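Visitor: Predicted model and sequence follow; I will ask about them next.
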Amino acid sequence: MKLKSLSTLLLTSALSVSTAFAQERLQHLDHNDGQIFLNLRNQKIQSDIDAQRLAQLLNLSNGNHFVSVRSYTDKLGVKHSSYQQYYNQHKIDGAVLMVHEKDGYIQSINGSFLPATLVNTTVSFDEERAAALAQEALEIKTVLRHYAPELMIIKSETTGDAHLTYAVRVDGYTHKGQLIMRRAFLDAQNGQLLETEELMAHSHTPASAHTLLSGVREIATDDVGNGTYRLYDNNRKIHTLNAAASETGGGAWQPLFLDAKEYINNSTEWGAKPAVSSIRLTNVSNNLLQGLGINTGNFPMSMLGYADMMDTTLFSWPNVHINSTNVPITGRNFYHFFNDTDNLMGMFAKVNVASGDVTEIITFPINTTATTGTFPWTDAEGSGGFYTIDSLRNPAIDVHWGIAQAYDYYVEKFGRYSYDGDTSMVINYMNGIFPFTASSGIPSQNNAMALQSPYNVMLYGMGDGINTNPFVALDVTGHEYTHLVIAENGHNGLRYRGESGALNEAFADIFGTSIEIYAKGNDGNWLIGEDVYMGNYYMRSMSNPKARQYPNTYMGQYWASTASSAPDNGGVHTNSSVANYWYYLVAQGGSGTNDNGYAYDITGIGLEKAEQIAYHTLMNYLPYNANFQQAYTGSLQAVQDLYGADTTSAEYVAVKYAWFAVGLGEGTQPSGISNVIKGNELMQIFPNPVNNGQFTIQSAIDANIDAQIVNMMGQSVQKVQIRKGINNINVGQLAAGVYNISYSHEGKKYSHRVTIL
């Protein structure tokens, strides 16, 4: 899409006390259906824009005005100011313009506004009625936390018309037992539900995969006395808790899980310990399994769980769900570690999820002093089965360590302390996924998610033990932490729907992967969630999205519908791969032909520069309802802020043409922009892969070549001089991984890929 002319500039004259000079002054802003992007670098346009002038420059009708909502100057000396549009005192959803200034001159203006604001602003009912209508529309049975409805103007995605609405946030349980957090937009005249907005950013996954192993790592714990320690990091204020058998709270000043328990260890060595790993039901003598299925409008289900006999809480998670009378039935991935005071029982129960009524229960004791093994159980009525105790490593430790890596990454790379930049507490709940489910109403442990304000917590599921491990992989923890960072970017985050939601998921993947590489170095990779699955499987690939049937081109093959009614909040997880691949190309480079027939050959600028550009874009140039076009234009502004206004610089070229490669922007990549040739027939490398710390380069080039071995982060890790003939190269000091041998010869750049085992 090509934007029409974005500004009309008139030259005015001004006279200073000592000298006359000409100044350009912005007089009018054109737009493309309410979207603005204006690049004024090097044009010396004076910084005289405020909220009042914006309405004049846009020639808006009476009743429109802007309010300054944020202004700060970054470490580069660029002042970023954000202005929210209002009409007749009502906020217009997503209508934010951003003005960027430096040294007294405007650098750029971007954002969105509502150009036509002939909106009926009469209100036909009050806030109490709005809250009730929202609860009814979302099928809420129990409200978890109350929020005041807000009158707000929105532009309907379906009709394109502007409406005054009540925006009502609802956190609560549906009649199916599903806990949702959504914002409902109700027409303020007739109460009709116009739109909903998802407020839970999560990584929802199918099933299948890989063992979780991060090796022996250093973590910070808290000494609570008597030779015991808990998963609490005093310096970073990271707290990791066990939400199993915990009642959900969420009322004013309440935590999400009211009685979540500490993970306790009796030494600073957090090793493998005995834990219940599975419980099996093989024989049923009562009517526990009778009447299951969808036959009365309600969906009865069975739970498998455990509980402390001294605890008033009856049920715990994970669980299994039964919709047939087939046995045996096995629940896996309990990871319940024993404490000295534990007095545990296992249970099966039949529960009606619509009413919450428990109609049948089987309970049996678990021997917490037993060694590892599989043990039989029976109850008084003859039901029976087995439970297994294994020596297990606690997945909560992976979360605790992983979030510390994410915390340190943001501090070291961007000077950001905690997710909000204000050293706030970071809370992780392990085994706390159960209420957060799909529309089926069936709870799932195959999940991890971040819950934004007022909760600001992360939840990690235990996996199903069949296809998935606990959802505690390093790129998953980094992904969820980044969702909280996104929500605190100063522009209310990125709406979790359509293209803005895809960007939300993309930035979570981008920094989740960057955190993995930061913490693991060459052991990191560009796959998402490979450690979650059992077997050779993964969620997404940033380097090759189509390998898992994700798009690598904007609106190309595998692109998902972005309609608000479409699955996955308008394809937020699917379409995120377009921005993922852009980031990979910026950092690593790559060549190919996209779905539009555009051939590209991008020279990467390294991960360190790519992550700075991505972060600067997220924090300063993306409004709440940003689309991919705004990410394209915003990232080019970020490059110029960081690396100068030269549009022929390696950084600018990499960012721009990487967007072209994924289908954004217009133009043809000029010759000479990326002239790296993948390999040189006059240079042979063997063996490859390298398995003994040494390989040979046989060169037929009649010259001495100065080359560099470059790692996957774009960093030079070893210099190599290549002479004509045989060259033995020792790389025994390098870690296993993929490297490029890069050099120039006769005005051309060459790159050879080498894998070190």
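Guide: Okay, I see it.

Visitor: Tally up the residues packed near Arg393, please.
Guide: Arg393 has 16 neighbours, counted by other Cβ atoms under 10 Å. To be clear about C-beta, it is placed using only N, CA and C from the backbone, and glycine gets the same treatment.

Visitor: Would you mind measuring from it to Ala275?
Guide: From Arg393 across to Ala275, the span is 9 Å (Cβ to Cβ, to the nearest Å).

Visitor: what do you get for Trp526?
Guide: According to Cβ to Cβ, Trp526 and Ala275 sit 33 Å apart.

Visitor: neighbour-wise, which of the two wins?
Guide: The neighbour count for Trp526 versus Ala275, taken as other Cβ under 10 Å, is higher for Trp526 (22 against 19).

Visitor: Pretty sure the more buried one sits against Glu516.
Guide: No: with contact defined as Cβ atoms under 8 Å, Trp526 does not reach Glu516; the gap is 9.2 Å.

Visitor: Where does pLDDT dip in the stretch 651-757 of the chain?
Guide: 666-678, 712-715 (pLDDT under 70).

Visitor: residue ranges of the strands in it, please?
Guide: Here the stretch 651-757 of the chain has its strands, by DSSP state E, counting those that start in this stretch, at 676-678, 683-686, 694-699, 705-710, 716-722, 725-730, 737-745, 748-756.

Visitor: ok, the fourth one: who's next to it in the sheet?
Guide: If you go by DSSP bridges, strand 705-710 pairs up with strand 716-722 (antiparallel), strand 737-745 (antiparallel).

Visitor: looking at it, Ser383 is touching Leu281, isn't it?
Guide: Yes: at 7.2 Å, Ser383 counts as touching Leu281 under the criterion of Cβ under 8 Å.

Visitor: who touches both of these two?
Guide: Common contact partners of Ser383 and Leu281 (Cβ atoms under 8 Å, 6 or more residues apart in numbering): 348, 362.

Visitor: more neighbours, the two?
Guide: Using other Cβ under 10 Å as the criterion, Ser383 and Leu281 rank with Leu281 on top: 24 against 20.

Visitor: residues making contact with the helix or strand harbouring that one?
Guide: Following DSSP states H and E, one finds Leu281 within strand 273-283. Outside strand 273-283, the residues that touch it by Cβ under 8 Å, 6+ apart are 304, 306, 327-338, 344, 346, 348, 362, 366, 370-372, 382-392, 394, 465.

Visitor: Also stretch 225-241?
Guide: 219-224, 257, 260-268, 396-397, 399-400, 403-404, 407-408, 418, 423-430.

Visitor: and if you look at stretch 50-68?
Guide: Counting by Cβ under 8 Å, 6+ apart, 26-29, 31, 49, 81-88, 97, 113, 115, 117-118 sit against stretch 50-68.

Visitor: again, 6 Å this time
Guide: Stretch 50-68 is contacted from outside by 28-29, 83-88, 117, using Cβ atoms under 6 Å, 6 or more residues apart in numbering.

Visitor: what residue is smack in the middle of this structure?
Guide: Ala508 (2.7 Å; Cα atoms, centre = their mean).
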